[in-house]
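*Asks:* Sequence first, then the predicted structure:
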Amino acid sequence: MTDTYADLLACEDLLLFAGAAISSTGQREFHGDADAQRLSLDFLHEYVHGTLPDLYALMLALHVNDHNATRIVHTLLSRPRSEAPPEERARENGLIRRRLALMPPQRVYRLFARLAAERVNNRRTRAVMRDWIAGRALDLDALKYRAGLRAAARHARVPLPDEVARFLFSAPAARRARPYASSLLEAHRRAHYAARDLYDLPYSVAEGFAAHHRVPRAVFLEGIAARATRAERLRLDRTAHRHGLAPPLADLASVPLLRLCSYVLALSPSERRARRAELEQALERAALRTAGPLAGTWPRTAAVLDDSHSSTGSRARRDRPLALALACHHLVRALAPESSSHWVSGRTDALTARPLGPTPLIEPILDALETGPARVVVVSDGYDDTPPLLADALTLWRRRVDPDRSVTMVHLSPVWDADSSAPHRLSPAVPTIGLHDPAVLPSLVELARFGEGRLGLSELRGHLITTADAHLGEGS
Amino acid sequence: MNAGRHLSLEGITTGTAQRWGGVRLVPLSRAEPVPGLRLHPMAAEDVRDDPALAAEYEDAGTCCYVPHAYVLTWDGDPEPSAAYGTRLIPPGRSSAPRRVHLDLRGRRVRESVRGRARFLPMRSAVDGLLSLFAGGPEIAWAEWSRRLIRDGLSAPALTTYLGEEIEGLAEALRVFEIHPDQCGVAVYVADVLASVHLYPHPDDYRALHTSMLLDLFGESLYMYGLLRTGVAPLYAPLREREVRSLADLRREVARSRAGTRSGHDSLMVSSLTEGLYRNGGEIAFGRWESRSEGGPRSPMFRVGWLAPEPTRGDGAHAGEIIVDAHGRPAYLKTLRLSTGQVRRARLLSTLREADWRSAEAADSLGITESELVARLDRTGLGHLLAPGLLEAHRAERRRAARR
């Protein structure tokens, strides 16, 4: 071990930042408000960028959530390190490009608009914008992300095709004077005058025209269903149901696990019971898809899932912690052939889960341990009713009942606590990791190894560089 | 009357406390809801306009209560007002009892009152409560103001402010996780028992959880809230030596929980259960039925007022209780009195015991009559005295000061 004490501290700081960047979104939580979250997160970004600038960019290769990835890219573009060695700069450029390519376009355009507003106009920024825009279908983006594309193209002086440029930059009269060759732009021009043309437009753009032409909601939804994206169709499910239309997304099988869980939790318990077979099958298949090649490889596992009142989350993230618990319930079942789930409220039916009641975590954890598992996964925000009882009991369990570590226990927290700049811990005996998306569960377990203090900064740096190179390799 | 009877919390179990900042909330649960007593449909927001429910209650012979200081719009009175004293009202009707109208200052307060169930702030509520059990003089002694003799003790129209301004309480309430069978709560602010609420049915508690705690409290809690001290969790430590297996650990956890619960019951709520005395007129209501075949018949429920023992010092509570035929509390609400209110309560109870003869009351306090007048004036009860007497007394004081 060649690490100095400072290196160990740096390692710890970096893991702290990784945990925050994976779980926190700067939104309001059940116990804390959005301002505190943002302030605390901003501090971490500034701190790591200031002290460990080479590793800061490598975070993009981990499963950092989109909010923090945008923040990292913003920092890298607005404050580039001119003194960095060329191979590091090249890797940074590659990571930025790869990450932006994976991100939803609305987030990227929002980032570009912010950079334009802050007048960040260095060569790297212009190149990133140009390259990213070059890979897009521009007539669609001109409609859906009009302001963002306009700001980015103008700011980075990106040459656009003539029609798109005319659509974005000319006055309204000139914009609509002549027909377009592009069918989308032409549909947009004609939708100003005739309601029947708006059904060729993307859903979010057509909605404004439907209001303009006073198209009845039911008629509009029926006509536009084919043009809506998958997420939009899932969102329109309730509205369509109210208007007596067929569900716009007939097959739930293609929906990602977490989104499906949120959808299920938004249904009333009676509707969930009525559609039990359909929903459970969709959840199982989504979990299997998320587990991928790891399905069935885990040893006997017990999941402890928090469905107390605090798993309602906040208005900004409604029922998010409970949706994550439900997702983990199905994911653990897919990963481990022999698994059991223990809800805090004592319920046995996962499909009808509701966020109600107090949080006595220790009893369900003891129930889980009694089933004789090799692995215990606790999904909870970590706010127990009697924190010292829980902490002491887990420490005693580790020290007196299971000293040779035959059972591994990990606590996954969907909530990031702004005051301590970390997820709320259960006990020093149990490692706690922030969780944003169940799909990244395996990589989190990988990262948790470094938290135990047995591996140092040099190993962590090595791990990050390997991950980054593998990540870049996937893209090319 | 039943003065001197202690308060018992029989049939009620305390749950695990939850705390947030300086506020600790201890849930009180029942195994079974109390049969035959529910919150009046008029007071429960979600069923207010549901005549079917009222009919159902009537058929089942259910009694309905409207809590003390609960702000409602009564039939035939467009302005919202609050009843003084918990009322038992037949489910279908809403006749207006003795009540206080609110002096609503500020747009926010007015808007929050409109169409929403809420309570008076604590100070107003307690003042109203005190005036109820002190009654009023039955003989028109010359010392007292005409209004007091004509109307009994009255509180002037009160200025109300929202309880949202109390530090930490709204947040503690928001994050509190209600137990499925919870019927009540004991509220501690900076570990001072501030209030105990108990309802006959978990649904009643859920209906009143936020409205009651958000709007109830006044100055004394406000001051404690400002302390900003985080309270420590209640916890009986585990014994490491006893733990060798999972079963041992489970037993130790259960032991710790039981220890915490009994510690709370014997140390913290005892200040309430041992210091409160039932006082004032008990009202019986509900069907009369006999507990055993051919035994004496007693009413289903009785409402009573709770008053602090006059000799006790700080930490006194006042409140109301509904007990069932077996003497178990079905509804309970106590409020912590501020020091000024304790003084006021002590003076009022002395006056009441002396049948409002000022000379006798002064005697029993060991002071002169003029000092009694001064004391009444100081504690804010000057308006009870005849204006001439008060003026004469003040003039006397001024002369004495000049000399």
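*Replies:* Now that the structure is in, tell me what you want to look at.
*Asks:* Run a quick neighbour tally on residue A:34.
*Replies:* A count of nearby residues for residue A:34, using other C-beta atoms under 10 Å in any protein chain shown, gives 15. Every residue, glycine included, has its C-beta placed from N, CA and C.
*Asks:* Over to residue A:236?
*Replies:* 20.
*Asks:* Apart from its neighbours in sequence, what residue is nearest it?
*Replies:* Of all residues not flanking residue A:236 in the chain, residue A:248 sits nearest, at 5.2 Å (C-beta to C-beta, 6 or more residues apart in numbering or on different chains).
*Asks:* The one you found belongs to a strand?
*Replies:* No - remark: residue A:248 does not belong to a strand; assigned using DSSP: H, G, I helix; E, B strand; the rest coil, it is coil.
*Asks:* Run a quick neighbour tally on it.
*Replies:* Counted with other C-beta under 10 Å, residue A:248 comes out at 22.
*Asks:* what sits against residue A:169?
*Replies:* Counting by C-beta atoms under 8 Å, 6 or more residues apart in numbering or on different chains, residue A:169 touches A:150, A:154.
*Asks:* Check it and give its pLDDT.
*Replies:* What the model reports as pLDDT for residue A:169 is 94.
*Asks:* roughly how far apart are it and chain B?
*Replies:* Distance from residue A:169 to chain B, counting by C-beta to the nearest C-beta, to the nearest Å: 48 Å.
*Asks:* before we move on, what about residue A:321?
*Replies:* With C-beta to the nearest C-beta as the criterion, residue A:321 and chain B are 13 Å apart.
*Asks:* Give me the mean pLDDT for stretch B:24-35.
*Replies:* Regarding stretch B:24-35, the rounded mean pLDDT is 88.
*Asks:* May I see the buried residues of it?
*Replies:* Of the residues in stretch B:24-35, B:24, B:25, B:26, B:27, B:28, B:29, B:30, B:33, B:34 count as buried by neighbour count, 16 or more other C-beta atoms under 10 Å in any protein chain shown.
*Asks:* Now do the phi/psi pair for the closest residue to the fourth one other than its chain neighbours.
*Replies:* Pointing back at residue B:27 there. Of all residues not flanking residue B:27 in the chain, residue B:15 sits nearest, at 4.0 Å (C-beta to C-beta, 6+ apart). With angles defined as degrees, to the nearest 10, residue B:15 sits at phi -100, psi -170.
*Asks:* what's near enough to touch residue 390?
*Replies:* No chain specified, so I'll use chain A. A:361, A:362, A:384, A:426, A:427.
*Asks:* wrong one, chain B
*Replies:* Residues near residue B:390 by C-beta under 8 Å, 6+ apart: B:373, B:377, B:382.
*Asks:* Could you give the number of residues near the second one?
*Replies:* Translated: residue B:377. For residue B:377, using other C-beta under 10 Å, the count is 17.
*Asks:* can you check the first one too?
*Replies:* The number of residues packed near residue B:373 is 23, by other C-beta under 10 Å.
*Asks:* Verify the contact between it and residue B:392 for me.
*Replies:* No - Residue B:373 is beyond contact range of residue B:392, at 9.1 Å (criterion: C-beta atoms under 8 Å).
*Asks:* Now residue A:347: phi and psi?
*Replies:* Torsion angles, degrees, to the nearest 10, at residue A:347: phi -70, psi 160.
*Asks:* who are the neighbours in contact with it?
*Replies:* A:307, A:353.
*Asks:* any idea how far residue A:470 lies from residue A:88?
*Replies:* Remark: distance between residue A:470 and residue A:88 (C-beta to C-beta, to the nearest Å) = 17 Å.
*Asks:* now swap in residue A:226 and tell me
*Replies:* According to C-beta to C-beta, residue A:226 and residue A:88 sit 47 Å apart.
*Asks:* quick one, which of the two is more surrounded?
*Replies:* The neighbour count for residue A:226 versus residue A:88, taken as other C-beta under 10 Å, is higher for residue A:88 (15 against 10).
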